[in-house]
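[1] sequence first, then the predicted structure:
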Amino acid sequence: MFCVLALALLGSVLAVPSPKALSGPYWEFSAHQIPSVLAGATTGDSAAFTLELTATGNSAPSVSQPLLVDSSSSMTLAVFSPVLKQLQVALSDPSGAPVALSGTPATAPVSENDALNEQFTGTTYTLNKPQIGTYTLTLSAPAMTAEELAAAMPHVHNAQKARRGMTTGHAMVVLYNDSPDLICTHLTHYESTVGSLVGLNTRMIDIQTKGLLAQGIAPPALQDVISMAELDVTFPDGHVEKTAMHDDGLHFDGEANDGAYGAQITPTQSGEYVMTAVLKGTNAAGAFERTTEHYIQVVQPTVSLTGKAQVTFHPSSSRVSLQVGVTNKSPAAQYRVYAEVYGTSTADASQVPVAWASTITASQTDGSFVYLPLEMDLSWFAQQKAAAPVTLKNVYVQEINYMIPMTQQSSVEVAMAPAVAAHINASVHALLARGYKGEITKVMRQGVPPVQLQRRAVNRTDTTAGLVLVHGYCSPSNPFLERAQDFTDAFYFSDPNQGRSNDAFAQLIAAFADSNGLDSFGLIGFSQGGMAITHLANYYHTGLDSAVGLRRLQSLATPYGGNSGMGLLDLIKRLFNIGGCDTVYDMSPDGAALWQAGITTETRQELNFYYTQYDKVNIFGGWCNFFMNLVLEKPNDGVVEAGRAPLPGAINRGLTIGQCHAADMAFPFSPLDATRNQEMNTNAAR
């Protein structure tokens, strides 16, 4: 039995699932802090250039670009353009002599839609044992006039007329140097809102020190001589602004003259930005140039903490409501709110940590008081032998589609009526008197589920159970359908050719299960589908909580740590101007780090993940996608980097060597592995 239902048919009946009232012990505080910006740091050994062809008089459109090569082992050049077939590519070496080029066709996998990816055409050229020095690349379109070029790429021509400096160019060139010297870049902070300062910090590092990033340590900057440090920012409307980066201790760059450079901008628009750090200089080998591209989202600052909160009675006598005061310009918007709760020791009246609390919610009102509601079980207070008064610390609010922190405060004053304080104190005393020993229950962790879900969990006699299989980002179909014989009681989620946030994606999965009458179900997700099912399990009460079996959550080839090539891929999408799917911030390194901060220990322990990578024993050279291997961290599966695939705290079910992320890559497509599919099916809860 299997079912496929396109979500387009459900538009009028989608219901938002009930959010969980999440809580956890105080020793988990550190797991839910706004992450260090180093969690989203990217490194690279390549440089990317957007080039614009121009014509003088009657000459053909052309452009020349110097390429700094600092590797004597190999260098690779990739050229992407919508008018690639009309371009002539010429390269001269440092002495000025022409270089014979032999190109290999390339595509940029901007989605999981092979037909869409094939429109992003390019050519790669590799030189073994190149000379160190400055090469010159020349692109020309001898068979085109400037008018014909403008007609072929009207979005570039119109942008040039609309605003000076607004252009996506006619070609994208990526130069890869096989070098141990890497550029390392990270944001200066995560509060990317309109009107606030947003910046990058960048430095050159040795590849041997890259591992420090995983420990939350910034690798030391190499003592290379930097001749130029620049921040190039592509705004949502397409215009580009360039600003110098500084190593003076005044631009979020650390100490002066420490080899790290910083710069900031003040965003004036909400939407998608690409921030490119450019470093030029001289190392032991010679002159070099490196770039990194950060895809970020900037949002309007619609909500702000007031520094006030109140504790009130909850309909359940064993719980209390925590109302976190805010000013909110968008009452219908959904937010994730988080707070650490401190109480007063019943032994010595000292302040003690009790638990953290979090949920997804819109703002509510109590008279003139506007607040974001939290709730928690009083057993947390009993566990720590704590009572009223109560304090909230390290409170922050995230916008739900991008998980961007919009407002935060280190401490929030809490008001409480005497009757509420007496209720808390009496409840704690009663729990301890009954012999409560500190055990943590599901209701303490997740809140009280809706009545209908409680009934399902108790009575499974008439339960409709199944296994829901979920595709990934911008997929035209569900890849698991090609191996439908591997799965039983299967329901194949289908939301074709869409780019959605993890939250929007998760809500559609819940609606799909409801539309198929599933009272109880397990989940298997491919690629971003793995993030979406994890998000659903973490934040919402659904039939997933009633599933019976070994594994409720399983994922394959999911970029839990984001994709370091997303910024460059976004620039390529802008270059080709082919619509397609929205870029998803949750799958960028920075967005993924912010998203992970909300995933609980309990959810992580439920997740079973598999991942894959290329096998360097192949007649095609060993990579899943040669171009992507130039810009992604190695090893990878052509889209997902092996180092960014695991979700810390989850169950690693194994790495498969010799499988790729898409059907048109050099090794077999990972969702078609019958052995792994059957293993997942056998172990899946339903």
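    Structure's in. What do you need?
[2] use CA for all of it now, contacts and neighbours both
    OK.
[3] and stretch 574-584, how far out from the chain's middle?
    Averaging C-alpha positions (CA atoms, centre = their mean, to the nearest Å) puts stretch 574-584 17 Å from its chain's average.
[4] which positions within it qualify as buried?
    Buried positions in stretch 574-584, judged by neighbour count with 16 or more other CA atoms under 10 Å: 574, 575, 576, 577, 580, 581, 582, 583, 584.
[5] equivalent analysis for stretch 553-563, please.
    For stretch 553-563, by 16+ other CA under 10 Å, it's 553, 554, 555, 556, 557, 558, 559, 560, 561, 562, 563.
[6] again with stretch 103-122
    106-114, 116-117, 120-122.
[7] cool, and stretch 432-449?
    So, applying 16+ other CA under 10 Å, buried residues of stretch 432-449: 444, 445, 446, 447, 448, 449.
[8] chain center to it, what's the gap?
    For stretch 432-449, the distance to the chain centre is 34 Å (CA atoms, centre = their mean).
[9] average model confidence for it?
    Mean pLDDT, computed over stretch 432-449, is 95.
[10] repeat that for stretch 622-640.
    Stretch 622-640 comes out at a mean pLDDT of 91.
[11] what comes into contact with it?
    43-46, 78, 106-109, 124, 176, 557-559, 562-565, 612-616, 641-643, 659-662, 665-667 (CA atoms under 8 Å, 6 or more residues apart in numbering).
[12] show the buried residues in those residues.
    Buried among these (16+ other CA under 10 Å): 43-46, 78, 106-109, 124, 176, 557-559, 562-565, 612-615, 641-642, 659-662, 665-667.
[13] so which of the residues you listed are in strands?
    43, 44, 46, 78, 106, 107, 124, 176, 612, 613 (DSSP state E).
[14] how about the fourth one: what's its closest non-neighbour residue?
    Computed as CA to CA, 6 or more residues apart in numbering, the closest residue to residue 78 that is not its neighbour in sequence is residue 124, at 4.2 Å.
[15] that neighbour: what's it in contact with?
    76, 77, 78, 79, 103, 104, 105, 106, 627.
[16] distance of it from residue 76?
    7 Å (CA to CA, to the nearest Å).
[17] do residue 485 as well
    Taking CA to CA as the measure, residue 485 and residue 76 are separated by 43 Å.
[18] still on that earlier bit, how about the buried residues of stretch 553-563, which pair is most distant?
    Spatial extent of these (CA to CA) is set by the pair 553 and 563 at 21.8 Å.
[19] pLDDT value on residue 453, please?
    So, for residue 453, pLDDT stands at 81.
[20] swap in residue 4?
    pLDDT, read off for residue 4, is 55.
[21] low-confidence ranges in the stretch 251-400 of the chain?
    Of all residues in the stretch 251-400 of the chain, none has pLDDT under 70.
[22] if we go to 90?
    Low-confidence segments of the stretch 251-400 of the chain (pLDDT under 90): 313-317.
[23] where is the longest helix in the chain?
    Scanning the chain for the helix with the most residues, using DSSP state H, yields helix 418-433.
[24] next up, the contacts around residue 209.
    Counted by CA under 8 Å, 6+ apart, residue 209 has contacts 219, 220.
[25] confirm that residue 324 sits in a strand.
    Yes: according to DSSP: H, G, I helix; E, B strand; the rest coil, residue 324 belongs to a strand.
[26] that one reaches residue 303, doesn't it?
    No: counting by CA atoms under 8 Å, residue 324 does not reach residue 303; the two are 11.7 Å apart.
[27] which one's more surrounded, these two?
    residue 324 (29 against 20; other CA atoms under 10 Å).
[28] residues in contact with the more buried one?
    Residue 324 neighbours (CA under 8 Å, 6+ apart): 305, 308, 309, 310, 371, 372, 373, 374.
[29] now, among those, which is nearest to residue 413?
    residue 308 (5.1 Å).
[30] hey, what's the closest one bridged with?
    Judged by DSSP bridges, the bridge partners of residue 308 are residue 413.
[31] how many neighbours does it have?
    There are 17 residues near residue 308, going by other CA under 10 Å.
[32] just give the nearest non-adjacent residue to residue 674, would you?
    Spatial nearest neighbour of residue 674, chain neighbours left out: residue 486 (6.4 Å); criterion: CA to CA, 6+ apart.
[33] what separation is there between that neighbour and residue 607?
    In terms of CA to CA, residue 486 sits 21 Å off from residue 607.
[34] which of those two has more neighbours?
    residue 607 (24 against 20).
[35] which residues does the residue lying closest to the more buried one once chain neighbours are set aside contact?
    Using CA to CA, 6+ apart and skipping residues adjacent in sequence, the residue nearest residue 607 is residue 553, 4.9 Å away. Each residue near residue 553 by CA under 8 Å, 6+ apart is listed here: 522, 523, 524, 533, 534, 606, 607, 608, 684.
[36] the residues you listed: which two are farthest apart?
    534 and 684 (14.8 Å).
[37] look up phi and psi at the closest residue to residue 179 other than its chain neighbours.
    Once flanking residues are discounted, residue 179 sits nearest to residue 71: 5.7 Å by CA to CA, 6+ apart. Backbone torsions for residue 71, taken as degrees, to the nearest 10, come to phi -120, psi 130.
[38] how many residues are close by residue 71?
    Residue 71: 23 surrounding residues under other CA under 10 Å.
[39] same question for the one 4 residues further on.
    Counted by other CA under 10 Å, the residues lying close to residue 75 total 22.
[40] can you list the neighbours in contact with the helix or strand where it lies?
    Using DSSP states H and E, residue 75 maps to strand 74-80. Contact with strand 74-80 is made by 69, 120-130, 171-178, 572, 627, as judged by CA under 8 Å, 6+ apart.
[41] quick one, which of these are buried?
    Looks like the contacts of strand 74-80 have 69, 120-127, 130, 171-178, 572, 627 buried, using 16+ other CA under 10 Å.
[42] tell me which of those residues fall in strands.
    69, 121-127, 171-177.
[43] against residue 21, how distant is the residue nearest to residue 354 when sequence neighbours are not counted?
    Spatially, and ignoring its direct neighbours in sequence, residue 354 is nearest to residue 342 (5.1 Å; CA to CA, 6+ apart). To residue 21, residue 342 is 18 Å away according to CA to CA.
[44] burial count for the residue lying closest to residue 660 once chain neighbours are set aside?
    Counting by CA to CA, 6+ apart, residue 637 is the residue found nearest to residue 660 once chain neighbours are left out, at 4.6 Å. As a burial measure, residue 637 scores 32 neighbours (other CA under 10 Å).
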